[in-house]
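K.L.:
what follows is a predicted protein model with its sequence.
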Amino acid sequence: MRRSAAGLTLEICPTPETVAKPGRLRVGFTASRKVGGAVERNRAKRRLRAVAAAVLPLLGREGTDYVLVARPATLGRAYGGLLEDLAMTLAAAHLKLNAGERP
């Protein structure tokens, strides 16, 4: 499932049972060439790592895989804006994930 905001795109899915560990969530980061050259892509991923370190311990769910995808706006967006983007996309994605779960 994918949710987008100005500064990032968030993709989430349940962690496969074969690799899931209790009390853990998995997170990954990516940036395409659309973001810029290698220096810009690395900077964007560093910014996403910092935002994830601040938000995911509070709002992330165990047993879920998260992938944060950098967008061209990731580099110029204020840190507070990126925090809001991640919190907003997490809330929307978790709602959608809950709606898709079967009892």
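P.N.:
Noted; the coordinates are in hand.

K.L.:
leaving out chain neighbours, which residue sits closest to the residue sitting nearest the centre point of the chain?
P.N.:
With distances taken as Cα atoms, centre = their mean, L68 lies nearest the centre of the chain, 3.3 Å away. Residue nearest to L68 in three dimensions, not counting chain neighbours: L48, with 4.5 Å by Cβ to Cβ, 6 or more residues apart in numbering. In short, each C-beta sits where N, CA and C put it, glycine included.

K.L.:
just K45 next, same as before
P.N.:
Spatially, and ignoring its direct neighbours in sequence, K45 is nearest to F29 (4.6 Å; Cβ to Cβ, 6+ apart).

K.L.:
what about that neighbour, neighbour count?
P.N.:
The number of residues packed near F29 is 18, by other Cβ atoms under 10 Å.

K.L.:
kindly report the same for T74.
P.N.:
Look at T74: counted by other Cβ under 10 Å, it has 27 neighbours.

K.L.:
now do the closest residue to it other than its chain neighbours against P16, distance only.
P.N.:
Closest residue in space to T74, ignoring its immediate chain neighbours: A44 at 4.4 Å, by Cβ to Cβ, 6+ apart. Per Cβ to Cβ, to the nearest Å, A44 is found 27 Å from P16.

K.L.:
tell me which of these two has more neighbours.
P.N.:
Set side by side, A44 and P16 show more neighbours around A44, with 27 against 10, by other Cβ under 10 Å.

K.L.:
sorry, back to before: how about the contacts made by the residue nearest to the centre of the chain?
P.N.:
By Cβ atoms under 8 Å, 6 or more residues apart in numbering, the contact set of L68 is 8-10, 27-30, 48, 51-52, 86.

K.L.:
so it lies in a helix, does it not?
P.N.:
No. Counting by DSSP: H, G, I helix; E, B strand; the rest coil, one finds L68 to be strand, located in no helix.

K.L.:
give the bridge partners for it, please.
P.N.:
L10, F29 (DSSP bridges).

K.L.:
quick one: residues in contact with stretch 42-53.
P.N.:
Residues outside stretch 42-53 that contact it (Cβ under 8 Å, 6+ apart): 8, 27, 29-31, 35-36, 66, 68, 70, 74-75, 79, 82-83, 85-86.
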